[in-house]
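Q: show me the folded form of this:
(3 chains)
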Amino acid sequence: MTVENILEIKNLKTYFSLDKDRVVKAVDGVSYVVPKGKTLGIVGESGSGKSITALSVLRLVDEPGEIVDGEILFKGEDLVKKKVSEMRKIRGNQISMIFQEPMTSLNPVHSVGKQIKETLHIHEDLIRQEANHKALDLLKLVGIPSPEKRLTQYPFELSGGMRQRVMIAIALACNPELLIADEPTTALDVTIQAQILELIKELQAELHMSVMLITHDLGVVAETCDFVAVMYAGKVVEYADVDTLFESPKHPYTVGLLNSLPRHDIKMEELTPIKGMVPSPFEMPEGCRFAPRCPFATALCQEKLPDLEKKENGQEVRCWIYTDEWDGEEVKVYEPNATT
Amino acid sequence: MANQDEKLVKSEASFMRLRTSPKMRSLKGFYRKLKRNRAALVGGYLIILLMIIATIGPFFLSHGINDVDYTVRLQPPSSEFWLGTDHNGRDIFSRIIYGAQITLIVGFLSVIFGGVAGVVIGIVSGYYGGKIDAVIMRIMDVLLAFPGILLALAIVSILGPSIINVIYAVAIYSVPSFARIVRGSTLATKELEYVDASRALGASDFRLIFKHILPNVTSPLIVQATLSIATAILTASGLSFLGLGAQPPSPEWGAMLNDGRGYMYDSGYIALFPGLAIVLAVLAFNLFGDGIRDALDPKTK
Amino acid sequence: MFKFIVRRLLQLIPVLFGVTLLVFLMLHITPGNPAAILAGEGASQETIDNVANRLGLNEPLHMQYIYFVMDAIRLDFGTSWRTGMPVADEIGSRFWVTVELAVYSTILSVFIGIIAGVISAVRRYSFTDVGIMLLALFGLSMPNFWLGLMLMQWFAVQLMWVPASGWGSASQVILPVIALGTAGAAIIARMTRSSMLEVISQDYIRTARAKGTKERVVIYRHALRNALIPVVTVVGLQFGYLLGGAVLTETVFAINGLGRLVVDRIASRDFPVIQASVLIIATLFVFVNFLVDISYRLLNKRIDLD
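A: The predicted structure is shown next:
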């Protein structure tokens, strides 16, 4: 393998201690890599820990959350061990992040221009005119109409899609090597969603960035990502390149997600939602966390947590079915042409 | 006809059940939160302590409130006079204990008077709305235009100085805040579906107000009442300090401060202890009020 | 914005009408015949009638009210029943003393309150936070007249650092301003803290951190600016509260202000002076709140869409 990884997360654990005896293990031993220049999609239901993992990368997890274990290697350097001041030099500069809620992610009392220029001033030694020019260029880059006017406008004067473009402009201000997009389109109208995703894709190619795209929407993944990590209840259950994942998904949860998605490439008669609910963070199953909802679960699944194991094509899966220890009958987890 | 009534009673009962069960649960949660809130507990215990002192304290005192004895005037604290004596040789500790009664009575009575008036005004305003609401709320705005102690001062200047008039003055002064809170809650409750439903079933205004609207304003009302007592104690003692409330030789704490002012240059404790008593009483109600507000706030865990 | 100001100005009319009516009625709802009060005890019926005529008390009530308002607009409040001097002259300079006291105290409470509130919010749940909030609770629960007495006892009588009474020099101003401003500082500190805590959990604060902004800049440039907007509304209320509270502080420190004048004249039932003072303070408070509303609106304009 000669693909270089810009980011390698190894056994990351981010816990929230609510009080003495209640700890939420939001991220519980997560490992995945973001290959350089590629887009990694992170998929999972809300509460799966995908956003907390992303925030952990920038060390922006709010109290009482805390990274308790693991490594986050960015270009080979462990971000967990960085000093706060060193982290600040990385944030918004080498790694940028855009968030789910464009309506509330911009500061209402500062103009758009000021908020873009702030990032520039923090990381680059620019005089005012240069910063003004650059801010204008950035607004043009993200495709905002009449950018000159926007510089002096306040967030409330812009629509949601427009604000997300401004957020992207802020994120791109210092040519980051890694862009983390945390559900960037969830809060937007469907037409705007497509535009924003398209914009991120274009900019990635143009600026040779690596992108980590967090979403709960497999459709978005299929369109934009090169690799996918599927997360469930604080753990990665499957990791693969996008083609492998859609052609031969291995983990029953991934299959469940795919079956609940309308697809154009294969014929489907009906959508099957995954039964049951995400386990409460206080009552995590002892064995495989998906076992209570899994149609194939056996006694082994209830008792012991499987490891994330490498398969062919670099695919990784956390499921007993694909191990020698499997105690059930042979099962076909995924049948692409089951309906016709 | 009887059938109709029965139906009404039944559906009302089911509405009440629907509403009581979560209410009971929230009441339990409320106590749990309150117990975890240390400040509220301290405030609550202080209030109980104050009440005990005010009711049975006087029976245990060896000095009367007006035992004037010029041979022991302006004595510093000692084993006989725990907090010293004033310029008339009266025991300050005993006077403060007696004063607790006056303070609590003034605090509670003025808030009860003001609270009841405020609740009625607020419900009428919120429930009937329209012109009545507009007029009442403008009147409340007018009362609120007299800042702080000024309104109480103006009322006392009309009625004449006395502790009873202070109660009326403080009561009137606390009406607008109650009226506003109750009006807001009434407006919100009025729109709820079960209220609409029971109205459709022919429940009378009176019944709606007592069965549905009043129970819903209880919690903000309790918070407001507790905090109002704190303000009432401050205002009343202020008026007495100005010589417009309780008159000497009353052991009202503000009046004691006014009385002893002339001697505090030499005997600082004369002004120290009655003031501390006021701080303690006000603090108790503020702590408790803050605590129950936090406990009732769904945002805090 | 212009429309908002006009609408808000129109709303002042009923309030000012009510305030003047209430103050006007003070004289008439007071027990006893005002003319008899002025004429003094044991005055003959003839004297009382004369007094009533001179004061216009025999006119119909609504005419009396109209005259009262017309005179008040020209700042003519009649003559004092006690001194016989024009009320406007008696009030004049004292009014400014009270305003000065209230303004200085407001400035103090805003300054201390905001700083304490920010520190408390930033060090949430720390020893400092608990300490500041306990102090604030005490400040809130302390009668300003008692605090005044204690400050006077310590700093004027015992330590003799400052004079115990009067108004004018900086050393005379300091104790009354602390006595009056403490409660306000406590209220503003609590308000600022909760407002800051609310703002700090907002998405845009996370955005600011994600840019690599220093924590100090996050607090002051991003959080505080937003957190102060609701605090502005309390400042107006505080100013009014302090105008009222000045009555007590002025009495403690023997300051010749409007508040002390009112208290002095209540005993002698000098109604023209009392009415004029109450009316002036209430009117001032109404206008301060009007200005606060407008500035809140201006500050908030960037947030509200409508």
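Q: what's stretch B:124-141 in contact with?
A: The list of residues contacting stretch B:124-141 from outside it, by Cβ atoms under 8 Å, 6 or more residues apart in numbering or on different chains, reads B:121, B:175-176, B:179-180, B:182-187, B:190, B:205, B:208-209, B:213, C:14-15, C:18. C-beta: built from backbone N, CA, C; applies to glycine.
Q: domain parsing for the chain?
A: No chain specified, so I'll use chain A. Following the assignment in automatic domain parsing, chain A carries domains at A:33-60+A:84-94+A:178-340, A:103-173.
Q: chain C is the one I meant
A: Listed by automatic domain parsing, the domain ranges of chain C are C:15-73, C:95-299.
Q: any idea which of the ones you listed is most buried?
A: Highest mean neighbour count of these: domain C:95-299, a mean of 21 (counted as mean count of other Cβ atoms under 10 Å in any protein chain shown).
Q: sorry, back to before: closest to chain B out of the domains of chain A?
A: Comparing the domains of chain A against chain B with Cβ to the nearest Cβ, the closest turns out to be domain A:33-60+A:84-94+A:178-340 (13.9 Å).
Q: show me which residues of chain C sit near chain A.
A: For chain C, the contact set with chain A under Cβ under 8 Å from any Cβ of the partner chain comprises C:201-204, C:206-214, C:221-222, C:225-226, C:302-305.
Q: and those, which of them are in helices?
A: Where these overlap with helices, as defined by DSSP state H, the overlap consists of C:203, C:204, C:206, C:207, C:208, C:209, C:210, C:225, C:226.
Q: pick out the most distant pair among those.
A: Pairwise distances among those were taken by Cβ to Cβ; the largest, 18.5 Å, belongs to C:210 and C:225.
Q: pLDDT-wise, which helix or strand of chain C ranks last?
A: For chain C, scoring each helix and strand by mean pLDDT, DSSP states H and E identifies helix C:34-39 as the least confident one, at a mean of 76.
Q: can you name the residues in contact with that one?
A: Residues outside helix C:34-39 that contact it (Cβ under 8 Å, 6+ apart): C:27-28, C:30, C:43, C:47-49, C:51-52, C:55, C:57, C:81, C:269, C:271.
Q: recalculate using a threshold of 7 Å.
A: Contacts to helix C:34-39, defined as Cβ atoms under 7 Å, 6 or more residues apart in numbering or on different chains, come from residues C:27, C:43, C:47, C:48, C:51, C:52, C:55, C:57, C:81, C:269, C:271.
Q: how about the secondary structure of the fourth one?
A: In three-state terms, and counting by DSSP: H, G, I helix; E, B strand; the rest coil, residue C:48 is helix.
Q: what about the spatially closest residue to residue B:283 that is not a sequence neighbour, distance to residue B:229?
A: Setting aside the residues directly before and after it, residue B:283 is nearest to residue C:141 in space (Cβ to Cβ, 6 or more residues apart in numbering or on different chains), at 4.1 Å. For residue C:141, the distance to residue B:229 equals 12 Å [Cβ to Cβ, to the nearest Å].
Q: residues touching the residue in the stretch 101-250 of chain C that chain B sits nearest to, list them.
A: Closest approach of the stretch 101-250 of chain C to chain B (Cβ to the nearest Cβ) occurs at residue C:244, with a separation of 2.6 Å. If you count contacts by Cβ under 7 Å, 6+ apart, residue C:244 has them with B:147, B:148, B:149, B:150.
Q: returning to that earlier point: where does the residue nearest to residue B:283 land on pLDDT?
A: With respect to pLDDT, residue C:141 has a value of 93.
Q: residues in contact with it?
A: Contacts of residue C:141 were listed using Cβ under 7 Å, 6+ apart, and they are B:230, B:279, B:282, B:283, B:286.
Q: return the set of buried residues in the helix or strand containing residue B:228.
A: Assigning secondary structure by DSSP states H and E places residue B:228 in helix B:214-241. Of the residues in helix B:214-241, B:214, B:216-217, B:219-221, B:223-241 count as buried by neighbour count, 16 or more other Cβ atoms under 10 Å in any protein chain shown.
Q: which elements pack onto that helix?
A: Here helix B:214-241 is seen to pack against helix B:92-128, helix B:149-159, helix B:163-190, helix B:253-260, helix B:269-296 when contacts are counted using 3 or more Cβ pairs under 7 Å, 6 or more residues apart in numbering or on different chains; DSSP states H and E.
Q: next, format those helices as a markdown table and append mean pLDDT and mean neighbour count.
A: Shown next, in a markdown table, are these (pLDDT from 0 to 100; neighbours: other Cβ atoms under 10 Å in any protein chain shown):
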| stretch | mean pLDDT | mean neighbour count |
| --- | --- | --- |
| helix B:92-128 | 92 | 22 |
| helix B:149-159 | 87 | 24 |
| helix B:163-190 | 90 | 22 |
| helix B:253-260 | 88 | 28 |
| helix B:269-296 | 89 | 22 |
